[in-house]
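In: sequence and predicted structure, then a few things I'm wondering about:
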Amino acid sequence: MNLYELEGNLWHVVELANSAKPEDQQLFADTIESLQDSIADKAIGYGKVIKQLVADKKQLTDKIKHDQDRNRALSNNISRLKLALQHGMESVGKDKIKDIDLSIWIQNNPVSVAVTDDKLIPGEFTEVEKKLNKTAIKQALNDGEEVPGAKLVQTRSIRIK
């Protein structure tokens with residue numbers, strides 16, 4: 001039986017117990033205690049699975065970081081080798097080298113913009129991104145101010161140690 005079904009059964013038994021005869025109360029109390037113990041056992045099982053998933057997630061995060069570092073190192077090596085090759089070819093005046101296996105050539109890239117001083121760029125060429133300051137909104141709400149479109153909410157979550 002899963003946790004959802006156990007919880008439903010517990011509430012059903014509690015409802016029955018509330019309308020039961022006084023002599024049947026002990027039977028219902030025992031049944032409720034049994035269901036609560038089952039829910040506690042299920043909760044422990046859930047907790048163990050969650051802890052394992054958290055450990056798996058951390059391991060995966062570490063692997064992803066390692067793979068990203070390796071990817072960055074490979075990209076840096078490629079860039080460094082390309083620059084060295086381009087410098088060598090340009091220093092001897094060669095724009096193209098051809099072999100049976102591959103061709104290497106230097107070509108012009110598309111024209112791009114180089115910004116030398118962004119303070120001198122007219123405002124029509126800038127974009128402003130709207131970003132909410134949730135810290136300021138929270139402070140205002142805590143101070144009793146009314147902020148249209150915002151409210152304070154208190155949520156709850158599971159902690160497992």
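Out: Arrived safely, thanks for sending.
In: how far away is Ser79 from Ile121?
Out: To Ile121, Ser79 is 28 Å away according to Cβ to Cβ, to the nearest Å. For every residue, glycine as well, the C-beta is placed using N, CA and C.
In: all strands of the chain, in order?
Out: 96-98, 103-105 (DSSP state E).
In: which one of those strands lies closest to Lys131?
Out: strand 103-105 (45.0 Å; Cβ to Cβ).
In: ok, that closest one: who's next to it in the sheet?
Out: strand 96-98 (antiparallel) (DSSP bridges).
In: what's next to the strand it pairs with, contact-wise?
Out: Met89, Ser103, Ile104, Trp105, Ile106 (Cβ atoms under 8 Å, 6 or more residues apart in numbering).
In: can you pull the buried residues of that strand?
Out: Buried residues in strand 96-98, counting neighbours by 16 or more other Cβ atoms under 10 Å, are absent.
In: could you do stretch 125-139 as well?
Out: For stretch 125-139, a neighbour-count test (16+ other Cβ under 10 Å) marks Ile137 as buried.
In: now it: mean pLDDT?
Out: The average pLDDT for stretch 125-139 rounds to 93.
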